[in-house]
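Student: need coordinates for the following:
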Amino acid sequence: MSDDPTLPEDVRVVRYDVHEPVPADALDAEVLVLWGNEPEQTADAARRLTHLRWVQTLAAGPDAALAAGFADDVVLTSGRGLHDGPVAEHTLALVLAAARRIPDLVRAQGEHRWAGELGGMQEAQPGQAFRTLDGAHVLIWGFGSIAARLAPLLSALGAQVTGVATAAGDRHGFPVVSAFDLPDHLPHTDVLISLLPATDQTRHAVDAGVLALLPARAWVVNVGRGATLDESALLDALRSDRLAGAALDVFETEPLPAGSPLWDEPRLLISPHAAGGRPRGAGDLVAANLAAFLAGGELRNVVAR
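Tutor: Residues are numbered from 1 along each chain as shown. Below you'll find the model as predicted:
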């Protein structure tokens with residue numbers, strides 16, 4: 001962690017390599033902190049650390065920790081809130097790159113070509129293409145703490161932001177509709193941003209049916225989890241000109257295999273799961289949760305299991 005927590009003197013701390021099995025002198029640990037652990041090593045820890053009572057993952061989404069097989073009586077807490085700023089910033093960068101055609105500009109630069117079609121005198125919305133956030137309709141599916149940080153940034157640049165969550169209402173000053181009403185909003189959307197977590201219910205939530213309801217000018221941006229997007233359906237929509245483009249930071253298989261057809265799609269911007277990776281306030285969260293754990297109090301970010 002970049003900001004190590006301040007812990008009580010009587011707490012023994014064992015630092016370990018996340019790419020290796022937990023060392024033998026830590027097998028009696030009651031608390032395990034996860035960050036960047038490889039799946040096989042996390043599963044190994046779940047099997048070998050038989051005294052565990054609490055696992056703190058610093059990832060915003062607890063899916064990897066849930067899949068590791070920790071005992072049912074082990075409390076699991078997530079890193080929700082630690083990545084809000086970095087993920088919101090990266091998502092904004094992807095959306096602006098789409099609007100301002102940054103990938104096309106980079107390709108033209110590599111060809112030493114003056115891309116006159118992307119510069120000079122231009123209409124604000126040529127052919128109703130998505131070229132600016134000013135007046136654009138942005139739909140954020142998964143309206144949690146990251147969306148709460150992102151939505152005001154989009155709004156400040158003139159976007160009309162609507163959230164999608166399990167229940168409709170108003171959150172953080174923005175209208176939120178339920179997933180049941182999503183089909184009514186998709187045809188008017190310029191950018192669909194997915195911040196969905198990976199669960200059984202959200203697998204391939206952004207599927208062919210959802211993509212078919214978006215207008216041809218729309219872009220899809222996924223910074224949640226790769227499993228929530230049907231990549232084959234996305235490629236089909238892009239190649240048949242039923243979708244303007246997509247920007248993806250997460251994928252069903254990571255690292256994205258070199259042979260994946262996603263690499264060669266010219267209207268697809270790829271970033272290597274780079275939105276997060278810099279938890280802010282991790283030390284404070286661990287310290288606060290440890291104090292609550294030792295006192296028998298309520299921990300923050302407890303994951304329902």
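
Student: would you map the helices across this structure?
Tutor: Assigned by DSSP state H, the helices in the chain fall at 39-48, 63-67, 84-99, 102-110, 145-156, 182-185, 208-213, 231-239, 282-295.

Student: any idea how far the most centrally placed residue in the chain is from Arg131?
Tutor: The residue lying closest to the centre of the chain (C-alpha atoms, centre = their mean) is Gly224, at 2.7 Å. Separation of Gly224 from Arg131 (C-beta to C-beta, to the nearest Å): 25 Å. In this view, the C-beta of every residue, glycine as well, is placed from N, C-alpha and C.

Student: got a list of what the residue nearest to the centre of the chain touches?
Tutor: Residues near Gly224 by C-beta atoms under 8 Å, 6 or more residues apart in numbering: 61, 142, 194-198, 250.

Student: repeat that with 10 Å
Tutor: 60-61, 87, 91, 141-142, 144, 146, 193-198, 202, 205-206, 249-250, 275 (C-beta atoms under 10 Å, 6 or more residues apart in numbering).

Student: ditto for Pro266
Tutor: 103-104, 107, 238, 245.

Student: by neighbour count, which of those residues wins?
Tutor: The most crowded member of these, judged by other C-beta atoms under 10 Å, is Gly245 (23 neighbours).

Student: neighbours around the residue lying closest to Gly163 once chain neighbours are set aside, how many?
Tutor: Spatial nearest neighbour of Gly163, chain neighbours left out: Phe143 (3.3 Å); criterion: C-beta to C-beta, 6 or more residues apart in numbering. Counted with other C-beta under 10 Å, residues neighbouring Phe143 total 25.

Student: so Phe143 sits right up against Pro197, yeah?
Tutor: No. Counting by C-beta atoms under 10 Å, no contact exists between Phe143 and Pro197, whose distance comes to 12.0 Å.

Student: for the closest residue to Thr189 other than its chain neighbours, give its distance to Leu154.
Tutor: Closest residue in space to Thr189, ignoring its immediate chain neighbours: Leu139 at 4.7 Å, by C-beta to C-beta, 6+ apart. From Leu139 across to Leu154, the span is 11 Å (C-beta to C-beta).

Student: what do the two both touch?
Tutor: The contact lists of Leu139 and Leu154 share 160-161, 191, 193, where a contact means C-beta under 10 Å, 6+ apart.

Student: so which of the residues you listed wins on neighbours?
Tutor: Counting by other C-beta under 10 Å, top hit in those: Ile193 with 30 neighbours.

Student: now that one, which residues is it bridged with?
Tutor: Counting by DSSP bridges, Ile193 forms beta bridges with Ile140, Val221.

Student: okay, it: pLDDT?
Tutor: Here the pLDDT value assigned to Ile193 is 99.

Student: do the same with Pro126
Tutor: 46.

Student: now Pro8
Tutor: 87.

Student: for the nearest residue to it once chain neighbours are set aside, give its distance to Asp72.
Tutor: Nearest non-adjacent residue to Pro8, counting by C-beta to C-beta, 6+ apart: Leu294, 7.2 Å away. Separation of Leu294 from Asp72 (C-beta to C-beta): 22 Å.

Student: got it, and Ala115?
Tutor: The value you get for Ala115 to Asp72, if C-beta to C-beta is used, is 57 Å.

Student: between the two, tell me which one has more neighbours.
Tutor: Per other C-beta under 10 Å, whichever of Ala115 and Asp72 has more neighbours is Ala115, with 14 against 5.

Student: isn't the more buried one right up against Ile102?
Tutor: No. Using C-beta under 10 Å, Ala115 is not in contact with Ile102, being 11.3 Å away.

Student: so where's the stretch 1-150 of the chain uncertain?
Tutor: 1-3, 124-127 (pLDDT under 70).

Student: repeat that for 50
Tutor: 2, 126 (pLDDT under 50).

Student: still on that earlier bit, surely the residue nearest to Thr189 touches Ala179?
Tutor: No. Assessed by C-beta under 10 Å, Leu139 is found out of contact with Ala179, at 11.3 Å.

Student: more neighbours: these two, which one.
Tutor: The residue with more neighbours, out of Leu139 and Ala179, is Leu139; 23 against 17, by other C-beta under 10 Å.

Student: mind checking how far that one is from Leu214?
Tutor: Counting by C-beta to C-beta - Leu139 and Leu214 are separated by 9 Å.

Student: shared neighbours of the two, anything?
Tutor: 186, 188-192.

Student: quick one, phi/psi of the nearest residue to Ala291 once chain neighbours are set aside?
Tutor: Closest residue to Ala291 apart from its sequence neighbours, by C-beta to C-beta, 6+ apart: Gly297 at 7.6 Å. The phi and psi torsions at Gly297 (degrees, to the nearest 10) take the values phi -90, psi -170.

Student: separation between Gly297 and Val286?
Tutor: Gly297 is 15 Å from Val286, by C-beta to C-beta.
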